[in-house]
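# fold the following for me, if possible:
(chains A and B)
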Number of protein chains: 2
Amino acid sequence: MESRFSRRIPPGDTHERDVCDTCGFIDYVNPQILVGSVVCWDNRYLLCRRDIEPRRGFWTLPAGYMEVGETAIEGAKREAWEEARADVALEGLLAVYNLTHIAQVQLLYRGVLRSPDVEAADETQEVGLFAYADIPWEDLAFPTVRWALEAHHALGDHPLGAPATNPVGGDSRLPSA
Amino acid sequence: MESRFSRRIPPGDTHERDVCDTCGFIDYVNPQILVGSVVCWDNRYLLCRRDIEPRRGFWTLPAGYMEVGETAIEGAKREAWEEARADVALEGLLAVYNLTHIAQVQLLYRGVLRSPDVEAADETQEVGLFAYADIPWEDLAFPTVRWALEAHHALGDHPLGAPATNPVGGDSRLPSA
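Model prediction:
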């Protein structure tokens, strides 16, 4: 048997939801939280080349969906380990980006690598440590990766302040092919 | 027909999920984002007395679940309007709280009321504007309401900096009855 959903406002609700015609399950779709980090070793930035779609082969920050039972910062540490075997110490929020077109909120933390020993792991083809000038800017996977790297660089050695947000006029969507 | 879920790891996944035995639907449960605000008029804080469980009758900040299609700050503005008919101007993030026991991340914004004309609306019995000393501290609905009010007060007129996070040793759970 398969899932078939109809779009309806459940009793007592204010928004339309997908309700399964077969079993009555209500699929509350809320925005999802992506947690990740911008981490350096000796002023070089850790990036991961994606081994999954979308944007397979492009470079990204270690990041992924936050899971139940962890804090955002714990999730960001877990993702750095899962994708790059990176042991990171995270300090606080560098940026909060809203991607309304995919209902995603990104919480990106600033931190450091505790060791330069990193390696490609889950969902990653290759890992690299790049000086800012050597970042593969043309081969970054998503606009928010660029934004976060730029925000990190602009902050330099200053203490964390108000987190960066979407740049004015910035388009968080993928460039069309 | 009813929904009946089994706990299994779907193919290609790394975590156990609830999978519907009837229709095969996979219920990806990720943490949810609650968006809200701490807003003042003439140094008085807007609070709402809840008309829904949990904690019906206790005072809270205007806040609720972020919806698809909006940014976090838009969601916080929407909730202030829905619950208190409050027209608010929000400046930036005051606090980010993690409530791991209910898989919730709270994004709470600092702002001001554009007008003192507020009134109880959805899910709200009563609204009030309280000087800090007059806040009904013993009748606040949730620990994070207290934390956010204290964080706002501690910041005073200073510009927003790094958002407040869970206090060290702070327990975000409801006091047991």
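# only C-alpha atoms from now on, for both contacts and neighbour counts.
OK.
# lowest average confidence, helix or strand, in chain A?
strand A:26-27 (a mean of 80; mean pLDDT, DSSP states H and E).
# surely A:Ile73 is in a strand?
No - assessed with DSSP: H, G, I helix; E, B strand; the rest coil, A:Ile73 is helix; it does not lie in a strand.
# what about it, distance to B:Tyr28?
Computed as C-alpha to C-alpha, to the nearest Å, the A:Ile73 to B:Tyr28 distance reads 20 Å.
# compare the two (neighbour count), which wins?
A:Ile73 (23 against 14; other C-alpha atoms under 10 Å in any protein chain shown).
# that one touches A:Val35, doesn't it?
Yes - assessed by C-alpha atoms under 8 Å, A:Ile73 is found in contact with A:Val35 at 7.4 Å.
# could you tell me which residues touch both of the two?
Common contacts of A:Ile73 and A:Val35 (C-alpha atoms under 8 Å, 6 or more residues apart in numbering or on different chains): A:Tyr109.
# show me what contacts A:Ser115?
A:41, A:86-87.
# neighbour-wise, which of these leads?
A:Ala86 (26 neighbours).
# that residue: which element?
Per DSSP states H and E: A:Ala86 is located in neither a helix nor a strand.
# what parts of chain A come near chain B?
A:1-3, A:22-25, A:29-33, A:65-72, A:92-93, A:98-101, A:103, A:105, A:160-163 (C-alpha under 8 Å from any C-alpha of the partner chain).
# again, only using 6 Å
A:1-3, A:23, A:30-31, A:67-71, A:98, A:100, A:103, A:160-162 (C-alpha under 6 Å from any C-alpha of the partner chain).
# helices along chain A, start to end?
All helices of chain A, identified by DSSP state H, fall at A:72-84, A:143-155.
# can I get those in JSON lines including mean pLDDT and distance to A:Leu174?
Output for the helices of chain A, formatted as JSON lines (pLDDT from 0 to 100; distance: least, C-alpha to C-alpha, whole Å):
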{"stretch": "helix A:72-84", "mean pLDDT": "98", "distance to A:Leu174": "22"}
{"stretch": "helix A:143-155", "mean pLDDT": "98", "distance to A:Leu174": "7"}
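# just give me the longest strand of chain A.
Criterion DSSP state E: the longest strand present in chain A is strand A:88-99.
# now do that strand against helix A:143-155, angle only.
Strand A:88-99 and helix A:143-155 are oriented at 120 degrees to each other (axes from the mean of the first three to the mean of the last three C-alpha atoms, to 10 degrees).
# so what does strand A:88-99 touch, helix or strand wise?
strand A:104-113 (3 or more C-alpha pairs under 6 Å, 6 or more residues apart in numbering or on different chains; DSSP states H and E).
# count of neighbours near the spatially closest residue to A:Trp137 that is not a sequence neighbour?
The shortest distance from A:Trp137 to any non-neighbouring residue, by C-alpha to C-alpha, 6 or more residues apart in numbering or on different chains, is to A:Arg146 (7.3 Å). Neighbour count for A:Arg146, taken as other C-alpha under 10 Å: 18.
# tell me the spacing between A:Arg146 and chain B.
20 Å (C-alpha to the nearest C-alpha, to the nearest Å).
# can you measure across stretch A:45-65, start residue to end residue?
Using C-alpha to C-alpha, the two ends of stretch A:45-65 sit 21 Å apart.
# picking that back up, so of the helices of chain A, which one's packed in deepest?
helix A:72-84 (a mean of 24; mean count of other C-alpha atoms under 10 Å in any protein chain shown).
# how's chain A carved up into domains?
Chain A resolves into domains spanning A:1-29, A:32-155 when parsed by automatic domain parsing.
# of those, flag the one that's most buried.
Mean neighbour count (mean count of other C-alpha under 10 Å) peaks for domain A:32-155 among the domains of chain A, with a mean of 20.
# how far does it sit from the chain's center?
Relative to the mean C-alpha coordinate of its chain, domain A:32-155 is positioned 6 Å out (C-alpha atoms, centre = their mean, to the nearest Å).
# first-to-last residue distance for it?
Distance across domain A:32-155, first residue to last, is 27 Å (C-alpha to C-alpha).
# what separation is there between A:Pro143 and B:Leu107?
23 Å.
# residues making contact with stretch A:131-140?
The contact list for stretch A:131-140, computed with C-alpha atoms under 6 Å, 6 or more residues apart in numbering or on different chains, reads A:44, A:58-59.
# ok, 10 Å please
Stretch A:131-140 has contacts (C-alpha atoms under 10 Å, 6 or more residues apart in numbering or on different chains) with A:40-50, A:55, A:57-61, A:128-130, A:145-146, A:149-150, A:153.
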